[in-house]
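> Fold the following for me, if possible:
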Amino acid sequence: MLLRGLKRLIGSAESGDRPPRLRSLDAVVTVTDDGGSSGRLRRELGVLPPGDVRNCIVALAEEEDLLARLFQYRFPDGGGLTGHSFGNLFLTALTGITGRANGLNYCASKAGVMVMTKCLAIELAPKVRVNCVVPGTVRTPEVDERFDLAANEPAMAAKVLAGRIGEPEEVAAAIRFLISDEGGYVNGQKLIVDGGSFLY
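Below you'll find the predicted structure:
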């Protein structure tokens with residue numbers, strides 16, 4: 001409510017408006033929520049709880065009513081979507097694209113490959129096509145060591161629309177398609193092979 005009122009005072013100091021206007025507005029937002037949609041995203045994905053930031057974005061929006069209805073919308077059903085707000089999922093997706101705490105090496109390498117793919121596709125076209133494959137959780141020795149698949153695979157599979165984790169051969173099949181004649185019109189793209197886990 002405070003931000004909603006203060007945003008109306010942002011403007012030029014030379015405008016002569018009354019009451020005196022603010023040149024800019026900064027806010028410190030606490031993100032300690034551990035319940036509901038925010039808490040679930042925090043526990044499952046290791047992101048900062050987005051709910052309070054979501055509310056601030058809504059409060060500062062020019063078209064507040066429309067954005068509020070969109071960002072505050074909660075999915076009434078849909079398995080793993082139940083109870084999540086669209087705004088929380090949107091901000092969490094942005095975190096995955098732009099970065100997250102304690103994930104510098106992971107985020108930097110993943111974002112770097114995606115940007116490199118686009119740059120190389122532009123530079124080398126039309127003689128060379130450049131694409132990248134973005135796999136989800138795949139059964140590999142490293143994944144087994146990190147997540148202890150013998151104990152945790154059922155819980156991990158429950159978060160994938162396909163109902164299971166991926167196999168290396170399925171990632172290889174995606175790569176085989178991209179380098180084949182059948183994939184000849186695909187360029188500069190990232191092909192997500194995750195069984196639908198990003199949508200869950």
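
> what about the helices in this protein?
With DSSP state H as the definition, the chain shows helices at residue ranges 2-6, 36-45, 51-60, 64-71, 86-98, 104-124, 141-147, 149-157, 168-179.

> mind listing what's buried in the third one?
What that stands for is helix 51-60. Buried residues in helix 51-60, counting neighbours by 16 or more other CB atoms under 10 Å, are found at Gly51, Val53, Arg54, Asn55, Ile57, Val58, Ala59, Leu60. (C-beta placed from N, C-alpha, C; glycine too.)

> that older thread, could you provide the helices of the chain in a markdown table, with additional columns for distance to Val186 and mean pLDDT?
Converted to a markdown table, these look like this (distance: least, CB to CB, whole Å; pLDDT from 0 to 100):
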| stretch | distance to Val186 | mean pLDDT |
| --- | --- | --- |
| helix 2-6 | 44 | 73 |
| helix 36-45 | 29 | 76 |
| helix 51-60 | 35 | 79 |
| helix 64-71 | 32 | 78 |
| helix 86-98 | 21 | 74 |
| helix 104-124 | 10 | 72 |
| helix 141-147 | 27 | 86 |
| helix 149-157 | 29 | 92 |
| helix 168-179 | 6 | 95 |
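
> Relative to Lys190, which of those helices is closest?
Taking CB to CB as the measure, the helices of the chain were each checked against Lys190, and helix 104-124 came out nearest at 5.6 Å.

> Measure how far stretch 84-98 is from the centre of its chain, please.
5 Å (CA atoms, centre = their mean, to the nearest Å).

> Would you tell me which one of the buried residues of helix 51-60 comes nearest to Val29?
Closest to Val29, out of all of those and judged by CB to CB, is Val53, at 5.7 Å.

> For the closest residue to the closest one other than its chain neighbours, give me the pLDDT.
Nearest-residue entry for Val53: Val29, 5.7 Å, with adjacent residues in sequence omitted and distances by CB to CB, 6 or more residues apart in numbering. Residue-level confidence at Val29 comes out at 71, pLDDT.

> List the residues that contact Val29.
Asp52, Val53, Cys56 (CB atoms under 8 Å, 6 or more residues apart in numbering).

> Please convert the residues you listed to a markdown table, extending it with distance to Thr117.
Supplementary listing: those in a markdown table, determined by distance: CB to CB, whole Å:
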| residue | distance to Thr117 |
| --- | --- |
| Asp52 | 35 |
| Val53 | 30 |
| Cys56 | 34 |
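
> Please identify which of the residues you listed is nearest to Gly83.
If you rank the contacts of Val29 by distance to Gly83 using CB to CB, Asp52 comes first, at 17.1 Å.

> Could you dump the buried residues of helix 51-60 into a markdown table with distance to Asp194 added?
As requested, the buried residues of helix 51-60 are arranged in a markdown table below (distance: CB to CB, whole Å):
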| residue | distance to Asp194 |
| --- | --- |
| Gly51 | 25 |
| Val53 | 26 |
| Arg54 | 25 |
| Asn55 | 30 |
| Ile57 | 28 |
| Val58 | 30 |
| Ala59 | 34 |
| Leu60 | 34 |
